[in-house]
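Novice: could you look at this predicted model? Sequence included:
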Amino acid sequence: MPFFYIFASRFNDSVHWGIPLACRRLLRFVKVKTEYMKVIDKLAWIEIKNKSILSTRSLGKQKFYIPGGKREQGENDEQALCREISEELSVELDVKTLRYIGTFEAQADSHPDGVYVKMTCYTADYTGALKACSEIESFEWLKYADKDKISAVDKLIFDFLKDRDLID
């Protein structure tokens, strides 16, 4: 049990060290959340064409996911994203055009409560023809109306893109 939790629960409703109870409860929640939650750190490539976003479905999965994946030991975002996209879709990202879009966090699909996925998203131009490879069974260009086909974190990304009128 974190120290602050013990401190707040032992001294209940009084003010200690000048910290009001409501603030202590908030701090206790933040500390517990950050100490005990597991975060799956992933990267994603945002590719939009005709106001639709490229999404992939892995072998044996029902949901579509924005393409990307996890870093390997020693990789930075650029290296990992280029490797993942090449492996999954058989195209090469142009690193000179790589641009950060945002970072999004939500409950991870098919994981226990408290396991979150943090998705750091980039856009970039590419060369080659898109082709499903490796663990990718298929890809589709999805619209905002297709949110029922995607993961929780992808729904946040779709909302972000829709709010900026980048997807229909």
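Specialist: Yep, it's here.

Novice: element containing the spatially most central residue of the chain, please.
Specialist: Geometric centre of the chain, nearest residue: Met119, 2.2 Å, by CA atoms, centre = their mean. Per DSSP states H and E, Met119 falls inside strand 115-123.

Novice: neighbouring strands for that strand, and are they parallel or not?
Specialist: Next to strand 115-123 in the sheet, as set by DSSP bridges, lie strand 38-45 (parallel), strand 99-107 (antiparallel).

Novice: neighbouring contacts of the last one?
Specialist: What that stands for is strand 99-107. For strand 99-107, contacts defined as CB atoms under 8 Å, 6 or more residues apart in numbering pick out 39, 46, 113, 115-124, 151-153, 155-157, 160. To be clear about C-beta, it is placed using only N, CA and C from the backbone, and glycine gets the same treatment.

Novice: okay, it in CSV with CA atoms only?
Specialist: Extracted C-alpha coordinates of strand 99-107, given in CSV (Å, rounded to 0.1, in the frame of the first residue of the first chain):
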residue,chain,number,x,y,z
ARG,A,99,5.4,13.9,-38.0
TYR,A,100,4.0,13.4,-34.4
ILE,A,101,0.2,13.4,-34.2
GLY,A,102,-0.5,12.7,-30.5
THR,A,103,-0.4,10.1,-27.7
PHE,A,104,-3.6,8.4,-26.6
GLU,A,105,-4.3,6.0,-23.7
ALA,A,106,-7.1,3.6,-22.9
GLN,A,107,-7.9,0.2,-21.4
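
Novice: re the thing from before, out of the strands paired with strand 115-123, flag the one nearest Glu72.
Specialist: Among these, strand 38-45 comes nearest to Glu72, with 11.2 Å by CB to CB.

Novice: what about the helices in this protein?
Specialist: In the chain, the helices defined using DSSP state H lie at 3-10, 21-36, 77-89, 152-163.

Novice: follow-up on the earlier one: against Leu89, how distant is the residue nearest to the centre of the chain?
Specialist: Using CB to CB, to the nearest Å, Met119 is found at 17 Å from Leu89.

Novice: mean neighbour count, the strands paired with strand 115-123: which tops it?
Specialist: Most buried of the strands paired with strand 115-123, by mean neighbour count (mean count of other CB atoms under 10 Å): strand 38-45, with a mean of 19.
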